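Novice: Could you work out the structure for the sequence below:
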Amino acid sequence: MKVLVLYDSQTGNTEKVAKRIHETMVSAGYESDCVKVKKNTVLDLYAYDLLFVGSPVIAWGPTNSMKNFVLEKFRAYTKTHIDHSAPLRPGKFTVSFCTYAGSHIGELEAIPLTKWFSAFTGHLGYQNMGEWHIVGEFHNQEEINTRGRLGDIRGRPNANDLLDVENRVKGLLPALSAWNS
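Specialist: Numbers count the residues shown, from 1 in each chain. As a prediction, the model looks like this:
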């Protein structure tokens, strides 16, 4: 199984999560690429069996770089790969993930983003295996990090958050094996 961890990050929160996913997949013996989206990122998503797609939450959506990448891929694949009935492609799986501070309304700020990623990869024919929302701090915003609905989020994602991500990845692997048998 070939794995792609595709992400964008602005302050390093999402990058920490993406790298932990990648490291966990590599240590489990999988071929994994970890790619931060840039303006001219060129990738064939169909070359991968498992996609992890992530971004920080910016106004309930992804970063502009990730949004542009996804929309460009969707337009291109609509011409070449996407069947309008969006059938599942055997052996193709995806997990959507994000980091969010949620000081205003908590996890509700994160759900629209992972749903958007899942809709995109669903159109590609990938089976959704999860939507992961990981708390991250607002950098240089001390007051916001301590007053929101999530309580004190300074230093997040922390070691415990990243261990949870690692355990989610490890827990996903037997499920993928079951689909492939």
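Novice: Okay, buried residues for the worst-scoring helix or strand of the chain on mean pLDDT please.
Specialist: Sorting the helices and strands of the chain by mean pLDDT, DSSP states H and E puts helix 142-147 at the bottom, at a mean of 78. By neighbour count on 16 or more other C-beta atoms under 10 Å, the buried set for helix 142-147 is Asn145. In this view, the C-beta of every residue, glycine as well, is placed from N, C-alpha and C.
Novice: residue contacts, the residue of the chain most remote from its centre?
Specialist: Farthest-out residue of the chain from its mean C-alpha position, per C-alpha atoms, centre = their mean: Glu143, at 27.6 Å. Glu143 makes contact with no residue, according to C-beta atoms under 8 Å, 6 or more residues apart in numbering.
Novice: quick one on the thing from earlier: what about the very next helix or strand once past the least confident helix or strand of the chain, distance to the chain center?
Specialist: Following helix 142-147 in sequence order, the next helix or strand is helix 159-180 (DSSP states H and E). Computed by C-alpha atoms, centre = their mean, to the nearest Å, the chain-centroid distance of helix 159-180 equals 13 Å.
Novice: which element is the spatially most central residue of the chain on?
Specialist: Nearest to the mean C-alpha position of the chain, counting by C-alpha atoms, centre = their mean, stands Gly54 at 2.6 Å. Per DSSP H and E: Gly54 is located in strand 50-56.
Novice: what does that strand contact?
Specialist: Residues contacting strand 50-56 (C-beta under 8 Å, 6+ apart): 1-11, 13-14, 17-18, 21, 25, 30, 45, 62-63, 66, 70, 92-100, 113, 117, 120-121, 126, 136, 176.
Novice: Export stretch 40-52 to CSV, keeping only CA atoms.
Specialist: Extracted C-alpha coordinates of stretch 40-52, given in CSV (Å, rounded to 0.1, in the frame of the first residue of the first chain):
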residue,chain,number,x,y,z
ASN,A,40,2.8,24.4,-8.0
THR,A,41,2.5,21.0,-6.3
VAL,A,42,2.2,18.3,-8.9
LEU,A,43,0.8,14.9,-7.7
ASP,A,44,-1.2,12.1,-9.1
LEU,A,45,-3.5,11.2,-6.2
TYR,A,46,-4.5,8.0,-7.9
ALA,A,47,-0.9,6.7,-7.5
TYR,A,48,-1.7,6.3,-3.8
ASP,A,49,-3.9,3.8,-2.0
LEU,A,50,-4.3,5.7,1.2
LEU,A,51,-4.6,9.5,1.3
PHE,A,52,-4.4,11.6,4.5
